[in-house]
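Engineer: Provided below for reference: sequence and predicted model.
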Amino acid sequence: GNSVTQMEGPVTLSEEAFLTINCTYTATGYPSLFWYVQYPGEGLQLLLKATKADDKGSNKGFEATYRKETTSFHLEKGSVQVSDSAVYFCALSDRGGGSNYKLTFGKGTLLTVNP
Amino acid sequence: EAGVAQSPRYKIIEKRQSVAFWCNPISGHATLYWYQQILGQGPKLLIQFQNNGVVDDSQLPKDRFSAERLKGVDSTLKIQPAKLEDSAVYLCASSQLQGLRSSYEQYFGPGTRLTVT
């Protein structure tokens, strides 16, 4: 079956530090890949996505590249801000052998950015 | 554009009681999902509707959980009777017509935090 493994947290950084959150996946087909972010007390929001190999998703200074050869979709940001403090979820969308696409999530990584 | 609405935001019940959650998806979204998010874990799909039909309920504990989407718009998720392990955040999401493209974005509501004591 499909699965997503992401870096265990929590991750604590100082403002303006470089961020990497690792994500690898296992899928039966050719999935689309996503990063969702969950701010305290809020629902999940799509941060970025990539739909095929070598695609780069980007948004709000965050980037992730779909690497089929390493089955990875690592999230990066060059300079984090206090407002980036949240839980980040890596996810994939695939049929998984069925007839409809569904999202499979990783466990989430808590990021805390200190001023 | 209004987002996905859920109510209540918080609910505390005793075990063996029943509870219901309500979701109103984004207007025009054909597909609606209910997820269970246990503390420290990613969301797990419980059930997926396309219009008012069930597409996937393979991970729904059908002995105690039920869901319906009458008229293909609003949806309710019910738990009866609740167990301690049902304590979680229940998320509702909606998307455009699913099953055709893997890249359709799911839009999530704020969730209902359920505590079973």
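Structural biologist: Perfect, I can see it now.
Engineer: excluding its backbone neighbours, what's nearest whatever residue of chain A ends up closest to chain B?
Structural biologist: At 3.1 Å from chain B, A:Phe105 is the closest residue in chain A, using C-beta to the nearest C-beta. In this view, the C-beta of every residue, glycine as well, is placed from N, C-alpha and C. Distance criterion C-beta to C-beta, 6 or more residues apart in numbering or on different chains; nearest residue to A:Phe105, sequence neighbours excluded, is B:Gly42 at 3.1 Å.
Engineer: what about that neighbour, how many residues nearby?
Structural biologist: Neighbour count of B:Gly42, defined by other C-beta atoms under 10 Å in any protein chain shown: 22.
Engineer: and if you look at B:Gln59?
Structural biologist: Using other C-beta under 10 Å, B:Gln59 is surrounded by 14 other residues.
Engineer: who's in contact with residue 107?
Structural biologist: Reading this off chain A. Counting by C-beta atoms under 8 Å, 6 or more residues apart in numbering or on different chains, A:Lys107 touches A:6, A:8, B:40-42.
Engineer: my question was about chain B, not that one.
Structural biologist: A:46, B:3-4, B:25-26, B:29, B:93-95.
Engineer: pLDDT score for it?
Structural biologist: Per-residue confidence (pLDDT) for B:Tyr107: 90.
Engineer: end to end, how far does stretch A:20-39 reach?
Structural biologist: One end of stretch A:20-39 sits 18 Å from the other (C-alpha to C-alpha, to the nearest Å).
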